[in-house]
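**Student:** this one's structure only:
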Ligand code: ACO
C-alpha cells in the first residue's frame, strides 16, 4: 500500500462464510404423485435423474419468502444481526416481480436498513456461484465487510397444471382429465426435475489467512441460449406478454436435455481443473466437491472425470430435485450440519445452467 511514498505491507483480506440457512417448499411431492397427472413413472424419474421427491411451495409463496427464511437462518448461525449487514446479493431466475428484483423486496420483508444496497443477479443454475464470486470480490476490494448472499427459486409457477395442483400435494384425489394429462405430459422432461428451495450465506471479511475463498473461474457462452431458455415473455415482443404467447406455452422453459447434459459433464470438470490450477492445487486435493444438483448422472459423470470418489461428492437431488440458485447453498448447509464439512477442508463449488453460464470456486473452510 502506498502512503506518502512509504510502502507498507498489509495483510490480505479474505472472505469467509460465517453462517448458512435454508428453506424449501412446504409440500413434499413424491414421483408417484406426478405419475398421477402425466405419463411418467417413479422408475423413469429415479433412473434418468436421481430425483425421488421435491418440495413445492403453497400458492402465494415467492422466492423472497423462501429466501427470507434461509437468510434469517444464516444470520442467526453467523451470530449477526440484520443491522450488521452492509449489502445483499439475491440470485434467482424466478423473482416475485418482473421488476424490481428480489433485493428490495427481501430488504422490506426482513426489515433491513432502508438505505442498504441490494444487488439482483440472474445466471440461473450458476446464480449462487456467480454470487459467491461477486461477494468475495466486493469484500476483498474493501467496499463491504459483511454481505448476505441468497439463492432462491420457485419453479412451480412454470408448471401449468391448472387443475392438478391439489392432486400433486395430496389435497385431492381428483384424476386429471385426458386433456390435462396430455398437456402435462408434453413438458414432463422438465417438470419432474425441479423443486422449490432457497439457501443463504453470510460472507464476511476476515484476516485469517488460513481460511476463505481462494479462487473462482466463471464462464458464459451465449451462442446457443435456445438449449435452455424461456422463448416468450420478453421485451423484444410488443407487448412483452399476450394471449397468443400464453396459448403457445411460450412462458414455459424449453430445454434440449441431451445437449445441456453433454455440456454439463464436460464444462464443469474443465472449470474445476482450471480453478485448481489457478490456486496451485490438484483436483485430487479437493476434500468435498459440491456440484449443482441437476441430474444425479451428471453429478456422477463429473466426479468420474475428475477421479474423485463418491464420498467426496455429496448429493441431495433425491430429496429436493433441482432448486436452481438454491441448490449449492442448500448442499453446503447440509454438509456443514451433518459434519461432512470440517474446518480446514478444501471445498469446491461448481455449476452449469441456462445461459450457458458455468464455473467453479475454491474455498478453504
Ligand atoms: N417420464 C417418462 N418418460 C420421459 C420423461 C418423463 N418425465 N421425460 C422424457 N421422457 C422420455 C422422452 O420422451 C424419450 O422418449 P422417446 O425415446 O420415446 O422419444 C425418452 O424418455 C428419453 O428421453 P431423453 O431426453 O433422451 O432422456 P435423457 O436420458 O436425456 O434424460 C433429462 C432427460 C433428464 C432431461 C436429461 O437429459 C438431463 O438431465 N439433462 C440436463 C438437465 C440440466 O442439467 N439442466 C440444467 C440446469 S437447469 C437451469 O439452468 C435452470
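**Tutor:** Arrived safely, thanks for sending. All of these numbers come straight from a predicted model, not from anything done at the bench. Numbering: from 1, shown residues only.

**Student:** chain center to stretch 223-234, what's the gap?
**Tutor:** 19 Å (CA atoms, centre = their mean, to the nearest Å).

**Student:** next one: stretch 266-274
**Tutor:** 18 Å.

**Student:** How about it and the ligand, any contact?
**Tutor:** No - Stretch 266-274 lies apart from the ligand when judged by CB under 6 Å from any ligand atom; the minimum separation is 10.0 Å. Where C-beta positions appear, they are placed from N, C-alpha and C, glycine not excepted.

**Student:** Other residues contacting that stretch?
**Tutor:** 217, 219, 283, 286, 289, 291-292, 298, 302, 305-306, 348, 350-352, 356, 358-360 (CB atoms under 8 Å, 6 or more residues apart in numbering).

**Student:** among those, which are within reach of the ligand?
**Tutor:** residue 298.

**Student:** Restricted to helices, list the contacts of stretch 266-274.
**Tutor:** 298, 302, 305-306 (DSSP state H).

**Student:** pLDDT added to the residues you listed, as TSV?
**Tutor:** TSV is the format used below for those (pLDDT from 0 to 100):
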residue	pLDDT
298	98
302	98
305	97
306	98
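
**Student:** In the stretch 151-300 of the chain, which residue sits nearest the ligand?
**Tutor:** residue 257 (2.8 Å; CB to the nearest ligand atom).

**Student:** Quick check: chain neighbours aside, which residue is closest to that residue?
**Tutor:** residue 189 (5.6 Å; CB to CB, 6 or more residues apart in numbering).

**Student:** Repeat that for residue 353.
**Tutor:** Residue 353's closest residue in space is residue 125 (CB to CB, 6+ apart), at 2.5 Å.

**Student:** Which stretches in the stretch 1-150 of the chain count as strands?
**Tutor:** 2-3, 6-7, 14-24, 27-30, 53-56, 87-91, 118-121, 146-153 (DSSP state E, counting those that start in this stretch).

**Student:** Among the ones you listed, which comes closest to residue 69?
**Tutor:** Nearest to residue 69, of all those, is strand 14-24, at 3.6 Å by CB to CB.

**Student:** quick revisit: can you give me the distance of the residue of the stretch 151-300 of the chain closest to the ligand to residue 192?
**Tutor:** The gap separating residue 257 from residue 192 is 11 Å, by CB to CB, to the nearest Å.

**Student:** about what we covered before: make sure the residue nearest to residue 257 is indeed in a helix.
**Tutor:** Yes - Residue 189: assigned to a helix according to DSSP: H, G, I helix; E, B strand; the rest coil.

**Student:** separation between it and residue 129?
**Tutor:** 25 Å.

**Student:** pLDDT score for residue 7?
**Tutor:** Residue 7 is assigned 46 on the pLDDT scale.

**Student:** Report how many residues lie close to residue 281.
**Tutor:** Neighbour count for residue 281, taken as other CB atoms under 10 Å: 17.

**Student:** Looks like it contacts residue 346 (just checking).
**Tutor:** Yes - if you go by CB atoms under 8 Å, residue 281 and residue 346 touch, sitting 6.7 Å apart.

**Student:** Quick check: neighbours shared by those two?
**Tutor:** residue 362.
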